[in-house]
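A.B. asks: task: produce atomic coordinates for the following.
(chains A and B)
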Amino acid sequence: MRNIKILCIIVCLSVSFEAWAEVADTHTIQVIVSSQSELTSLNRKQVMGLFLGRLRSFPNGSSAKAFDHEVGSSIRARFFEGLTGKSISDIDAYWARLRYSGRASPPKVIDNMAEILKVVSQNQHAIAYIQRQDPAELMLQDIVVVHTVDAN
Amino acid sequence: MNVRNIDRCFRFVLMLFMPAQGVALGLLLGVSQFAAANGSLLDDWDVTGFGTLGYAESDKYDDLVLKRNITQRSKKIEDHGWLLDSKLGLQARKELNPGWDVVGQIVAQEKVNNSIENSIEMAFLRYQSDDMWSFQLGRMVLDTFILSDHRNVGYSYHSVRPQAEFYGWIPYSNYDGLKTIFEFGDFDSSLRFEAFVGKTKSTVNIGYLGDDSSYNYVKSSPIYGAGVTWEKDELTLRAYLARFRFTQNTNAINELQEIVSDPNIQAAWPEASVIADDYAIENEFVTYSSIGFSWTPGSWHLQGEFSNVTSTFFGSYDGQRAYLQIGRRFGEFLPHVAYSYSWDERNFPYDPPPPDPLLQGLYEGLKDNLSSGTVDQSSVSLGVRWDFASQKALKLQCDFATIDDNSLGIYPTQDTPELGTRSWKKDSRSWCSTTFDWVF
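C.D. replies: Residues are numbered from 1 along each chain as shown, chains lettered A, B, ... in the order given. Okay, the predicted model is just below:
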């Protein structure tokens, strides 16, 4: 009887852990680039600089082109709020300032996950973000995870 | 090289690059013809827009009209409170190749001159040589102050409108010319230098009347300036210096000059024609200098600017302006408070005429002209922005303005006598406004 109790506790804990890990996975957003970019990691400031249009090059000097998700999508809101600590409304207002003063344009939108993976894998200048996936599987598609954002 | 030589130099540059009026229109037409000749150029245009639908109590008082800026028609605004902040803008951008792009923007809004040509805010060709240098040619929005280049886009800032004390007096929103930008930095901070030269024009309605005598046709050529912006994390610091050569054709001044050129008046009061000439603006200079900051630590939003305007002639605003705005975001809501002021340094420096009732009336009329351009006022604004949906915001704001003696430069009074002074004494007024702002 005692063994059954221990077994139940272990099963319950493992189920809880899996559920927790699953939730954690959905909260994690990966910033990805092509393996041809020769980048291995980017820090938060670097990712912010590239996605907020402040800089147009990777730290290694190669030009960078950021791609975004659909305006109003959940992943976009969670990514920018997790990355910058600002409300997505503030980010949208920021881009309105830049776009309608003619200074800069926001990243091009791709609303299809498969298309994002395809663009990033084939373009060494591309940078995008996706819901967490297995890095080993991404590597098979010539995609490298260079930063993760904990987006609650 | 003295200032006059610098001005000649800029005029020469303008003559080289801006030989005809309507450069902006020409640029748009040229690109569209080029596009028509090449089918692929018609594809991949990024067409977006912005809008504001607003209502303000512009007719709340029977002695003063709330206005957003001096390019709006006073009587039209008074009768239609929804015209004060409402506008619709369309923008098109195309990347011609990785180094070149073209941008056009047209905005429909209430103003004296509502022609298509005057509604084009941007139409420029840009060449970006590398990460650091870029060059723009055509029509561009003026960005002398922090909000200048996006003041039509309500969604991009959290107040209902840019502070009237600071932005309400500006007659121009765009210019035709050249602009170059040099920026460099790393992932920690960036520095951006920009310089421009060009020309601009506008029609403004200073005063209450809607007839031709109340419209001022102002143009400036050359205009030139330079600025520097430093950004680090959540802090932006900005400094700008611009110089405009003004010419203004005002029917009221023309009529005044006709009156004072009467031989009888000239004989009795020679200074009258001197005063009228001082109001007339022909090739006179105005210098705008400004410093500003924007700081957004966490959920807080702080922004402030100070500017000094100096002119070489009596008929124009000459003084200091400043504002400070503080807001904090709570989820979808962003309450904010702002204080702004404008201080005009001009006094009426002329001696009274000899004691003759007719001349006294003329003297009062001349003094009254100064009141119609004086901006001595301050405001406290309280408001809240509600981002209720993606790229859509509702705003509510109340402004409490204190307007000094005879300071009727932005908010005009209906009580405009044919000859004589408006008897405006320092007083306070409050207005409330609401807007729905969106981008698409």
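A.B. asks: tell me the residues on the stretch 101-250 of chain B that lie near chain A, please.
C.D. replies: B:103, B:105, B:122, B:124, B:131, B:136, B:140-141, B:143, B:149-150, B:152-153, B:155-158, B:185, B:187-188, B:190, B:231, B:233 (Cβ under 8 Å from any Cβ of the partner chain). From N, CA and C alone the C-beta is placed, and that goes for glycine too.
A.B. asks: 6 Å instead, please
C.D. replies: B:103, B:122, B:131, B:149-150, B:153, B:155-156, B:187 (Cβ under 6 Å from any Cβ of the partner chain).
A.B. asks: can you name the two of those that are farthest apart?
C.D. replies: Taking Cβ to Cβ as the measure, those span a maximum distance of 29.6 Å, between B:M122 and B:F187.
A.B. asks: looking at the two, which is more packed in?
C.D. replies: Looking at B:M122 and B:F187 with other Cβ atoms under 10 Å in any protein chain shown, you find the greater number of neighbours at B:M122, namely 26 against 18.
A.B. asks: neighbours of B:Q360, how many?
C.D. replies: Neighbour tally, B:Q360, other Cβ under 10 Å: 15.
A.B. asks: quick one: pLDDT of the nearest residue to it once chain neighbours are set aside?
C.D. replies: With sequence-adjacent residues excluded and distances taken as Cβ to Cβ, 6 or more residues apart in numbering or on different chains, B:Q360 is closest to B:P353, at 6.7 Å. Predicted confidence (pLDDT) for B:P353: 79.
A.B. asks: tell me if B:P353 really is in a helix.
C.D. replies: No: assessed with DSSP: H, G, I helix; E, B strand; the rest coil, B:P353 is coil; it does not lie in a helix.
A.B. asks: quick one, what contacts it?
C.D. replies: B:269, B:359, B:363 (Cβ atoms under 6 Å, 6 or more residues apart in numbering or on different chains).
A.B. asks: ok, it to B:Y279 distance?
C.D. replies: 16 Å (Cβ to Cβ, to the nearest Å).
A.B. asks: one more: A:S57?
C.D. replies: Applying Cβ to Cβ, the value for A:S57 to B:Y279 is 54 Å.
A.B. asks: the two: who's more crowded?
C.D. replies: Neighbour count, other Cβ under 10 Å: between A:S57 and B:Y279, B:Y279 has more, with 20 against 15.
A.B. asks: residue contacts, the more buried one?
C.D. replies: So B:Y279 contacts B:253, B:315, B:369 (Cβ under 6 Å, 6+ apart).
A.B. asks: now with 10 Å?
C.D. replies: B:248, B:250, B:252-253, B:256-257, B:313-316, B:366, B:369-370, B:373 (Cβ atoms under 10 Å, 6 or more residues apart in numbering or on different chains).
A.B. asks: and the next helix or strand past the least confident helix or strand in chain A by mean pLDDT?
C.D. replies: Sorted by mean pLDDT, DSSP states H and E, the helices and strands of chain A end with helix A:2-27, the least confident at a mean of 56. Counting by DSSP states H and E, the element after helix A:2-27 in chain order, helix or strand, is strand A:28-34.
A.B. asks: direction included, what does that following strand pair against?
C.D. replies: Taking DSSP bridges as the criterion, strand A:28-34 forms sheet pairs with strand A:126-131 (antiparallel), strand A:143-150 (antiparallel).
A.B. asks: columns mean pLDDT and mean neighbour count on top of these, output as TSV?
C.D. replies: Converted to TSV, the strands paired with strand A:28-34 look like this (pLDDT from 0 to 100; neighbours: other Cβ atoms under 10 Å in any protein chain shown):
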stretch	mean pLDDT	mean neighbour count
strand A:126-131	96	23
strand A:143-150	96	18
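A.B. asks: to A:Y100, which of these lies closest?
C.D. replies: The nearest among the strands paired with strand A:28-34, by Cβ to Cβ, is strand A:126-131 at 24.3 Å.
A.B. asks: and that closest one, how far out from the chain middle?
C.D. replies: The chain centroid and the centroid of strand A:126-131 are separated by 5 Å under Cα atoms, centre = their mean, to the nearest Å.
A.B. asks: ok, then the element right after that strand?
C.D. replies: That would be, after strand A:126-131 and using DSSP H and E, helix A:135-140.
A.B. asks: so for that next one, what gets flagged as buried?
C.D. replies: A:L138 (16 or more other Cβ atoms under 10 Å in any protein chain shown).
A.B. asks: what packs against that helix?
C.D. replies: Contacts defined by 3 or more Cβ pairs under 10 Å, 6 or more residues apart in numbering or on different chains; DSSP states H and E place helix A:135-140 against strand A:28-34, helix A:113-122, strand A:143-150.
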